[in-house]
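Participant: predicted coordinates and the sequence they were generated for:
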Amino acid sequence: MKSDQTEIRIRGRTIKTVSAEVEGRTVIVKGRWLKLAVIKDDELVQGEPVRDPKAFVQGVRGRALGADVLSFAQKVPDTKPKHDLYFEWDNAAVVSTVDYTDWWEQKLPQESRKNARRASKRGVVVEVAEFNTAFVEGIKSIYDETPVRQGRKFWHYGKDLETVRMENATYLERSGFIGAFFEGKLIGFIKLIYVDKVAEIVQILSMNCHQDKRPMNALLAKAVEVCSQKGITHLVYGKYSYGSNPNTPLAEFKRRNGFEQMNFPRYFVPLTLKGRLALMLKLHRSLTQLLPPGVAAFLIKIRAKLASTAAPKIGSEPPVAAALNKEAETNSA
């Protein structure tokens, strides 16, 4: 059967990729040498991503996608493998939001509680925000503070207002925004997307010049509180561990804000001989997964140095000032 094309965003750029509708899901293809078929925005789809694996695999095989490997995962908090297929453990940074008081008093370290309170004492107001023109203008001002974040070129820097509005309006009917305001000005925000009983943080960002006020800690605490009030059971903050190095500044930041690692199965099904060989040789894994932790850390430092050299007037950024943007993982949200 004929395939289609779907727009996705990777690091701030909109591109088109091969796609097809299979069993009610949009399957896209990514990768160059090894082409991987995945469900578009798989962590954001409502219900079970793949209800009937056999029918789903047959459906993907019947489309002209040109993919070598099909991959799909179970969703948090569905962690027990349920399909008789090859899988590897994936992970997420998760907070149980059933009981906000328990999280605040038992899971959140004392220092992070102090930081969340410090934001209020220093004049930061954190509240649920309406997605309107003023809020979009605030987001743009945060985007335009610096062209370099996390040691790499920041892909949202310099975008026009309409693009900022459009890109943050995805899944708007089940999204929530929380803003951190100082003297009436937006200095940080979170975008949540609600998926069944889970909330996914798809973007969290704050201004570098206000890091002393600890807006990130206050935003995360408010997100847990909001989820608890809405009857959401879990808040997901991307991965807990990226690649082969579990001890990154971002992972430490998540730990200090009460997030824990939750492992779940990610399935891989070869569709071609190349795909079968790639799975045997573990070539389907990313470079950060294959490299030793020390080598990966060294390359990240080199990348950060090159990025800062390219923008010498900006200066350095705190290691978790731009904590997460899911577009880095080919997410259109």
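Facilitator: Sure, I can see it. Numbering: from 1, shown residues only.
Participant: for the helix or strand hosting V164, the averaged confidence score.
Facilitator: Assigning secondary structure by DSSP states H and E places V164 in helix 161-168. The pLDDT scores in helix 161-168 average 96.
Participant: who does the helix or strand following it pair up with?
Facilitator: Using DSSP H and E, the helix or strand that follows helix 161-168 in sequence is strand 175-182. Partners of strand 175-182 in the sheet, by DSSP bridges, are strand 124-129 (antiparallel), strand 185-195 (antiparallel).
Participant: any chance of the ones you listed in JSON lines, with mean pLDDT, mean neighbour count and distance to D68 too?
Facilitator: Where you see a C-beta, it was placed from the backbone N, CA and C, and this is true even at glycine. Putting the strands paired with strand 175-182 into JSON lines (pLDDT from 0 to 100; neighbours: other CB atoms under 10 Å; distance: least, CB to CB, whole Å) gives the following:
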{"stretch": "strand 124-129", "mean pLDDT": "98", "mean neighbour count": "17", "distance to D68": "43"}
{"stretch": "strand 185-195", "mean pLDDT": "98", "mean neighbour count": "23", "distance to D68": "28"}
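Participant: turn those strands into a markdown table, columns for distance to N257.
Facilitator: Formatted as a markdown table, these follow (distance: least, CB to CB, whole Å):
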| stretch | distance to N257 |
| --- | --- |
| strand 124-129 | 14 |
| strand 185-195 | 12 |
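Participant: hmm, who's touching the helix holding V164?
Facilitator: Contact partners of helix 161-168, identified using CB atoms under 8 Å, 6 or more residues apart in numbering, comprise 9, 131, 133, 136-137, 139-140, 143, 156, 159, 191, 203.
Participant: for the helix or strand that M262 is a member of, C-alpha coordinates in CSV please.
Facilitator: Using DSSP H and E, M262 sits in strand 260-270. C-alpha atoms of strand 260-270 as CSV (Å, rounded to 0.1, in the frame of the first residue of the first chain):
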residue,chain,number,x,y,z
GLU,A,260,12.6,8.5,40.2
GLN,A,261,13.6,6.2,37.4
MET,A,262,10.8,4.0,36.0
ASN,A,263,11.8,1.3,33.5
PHE,A,264,9.4,0.1,30.8
PRO,A,265,9.8,-2.3,27.8
ARG,A,266,10.5,-1.0,24.3
TYR,A,267,10.0,-3.6,21.6
PHE,A,268,12.0,-4.0,18.4
VAL,A,269,10.8,-6.0,15.4
PRO,A,270,13.1,-6.4,12.3
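Participant: next one: stretch 247-263 to chain centre, how far?
Facilitator: 14 Å (CA atoms, centre = their mean, to the nearest Å).
Participant: start at 58 instead
Facilitator: With 58 as the first residue, the last one maps to stretch 304-320.
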